[in-house]
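In: After the sequence you'll find the predicted model.
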Amino acid sequence: MATTLSTETPQVDPCCTPGEPRGIDAATARDAARILKAIADPNRLRLLSIIKAGPDGEACVCDLTEPLDLGQPTVSHHLKILVDAGLIRREKRGTWSYYSLVPGTLEAAADGILLL
């Protein structure tokens, strides 16, 4: 029994055709994950809201321990995570540190979440 070879071009299923990559790129994903990880803690979310609601959009570290009912070392740890994530900035004034939101960062984080 002889077999014949087909000379027809095989049909390609359009759903399997490689297309443009979709979704966010690796750098955007890393940035979004860093920010999401930083705000994925209820105490850090509260810190952000307290700082934002403060006079002139800032708060002294001395005013952040009581509302959270946490010790100063714990609050400082949370603040460091938020600073490292680029969400807030610290300004030293004498012996106290004042924290304020980095303009546009929370909005950019929200936009990044919407890309998902």
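Out: Good, I have the coordinates. Numbering: from 1, shown residues only.
In: Show me how far the host helix or strand of L45 is from its chain's centre.
Out: Using DSSP states H and E, L45 falls within helix 42-53. Put simply, helix 42-53 sits 15 Å off its chain's centre (Cα atoms, centre = their mean, to the nearest Å).
In: quick one: strands adjacent to the helix or strand just after it?
Out: Next helix or strand after helix 42-53 toward the C-terminus (DSSP H and E): strand 58-60. Sheet pairing for strand 58-60, assigned by DSSP bridges, gives strand 96-101 (antiparallel).
In: for the helix or strand that the strand it pairs with is followed by, what is the average pLDDT?
Out: Once the chain leaves strand 96-101, the next helix or strand it forms, by DSSP H and E, is helix 105-115. For helix 105-115, mean pLDDT rounds to 75.
In: tell me what helix 105-115 is packed against?
Out: Helix 105-115 sits against helix 26-39, with contacts defined as 3 or more Cβ pairs under 8 Å, 6 or more residues apart in numbering; DSSP states H and E. For the C-beta atoms, the positions are set from N, CA and C on the backbone; glycine is no exception.
In: export the helix it packs on as CSV, just CAs?
Out: The C-alpha coordinates for helix 26-39 follow below in CSV (Å, rounded to 0.1, in the frame of the first residue of the first chain):
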residue,chain,number,x,y,z
ALA,A,26,8.5,42.5,33.8
ALA,A,27,9.7,45.9,35.1
THR,A,28,6.2,47.2,35.6
ALA,A,29,5.3,44.0,37.4
ARG,A,30,8.3,44.3,39.7
ASP,A,31,7.4,47.9,40.6
ALA,A,32,3.7,47.1,41.1
ALA,A,33,4.6,44.1,43.3
ARG,A,34,7.0,46.2,45.4
ILE,A,35,4.2,48.7,46.1
LEU,A,36,1.5,46.2,46.6
LYS,A,37,3.7,44.3,49.1
ALA,A,38,4.3,47.5,50.9
ILE,A,39,0.6,48.4,51.2
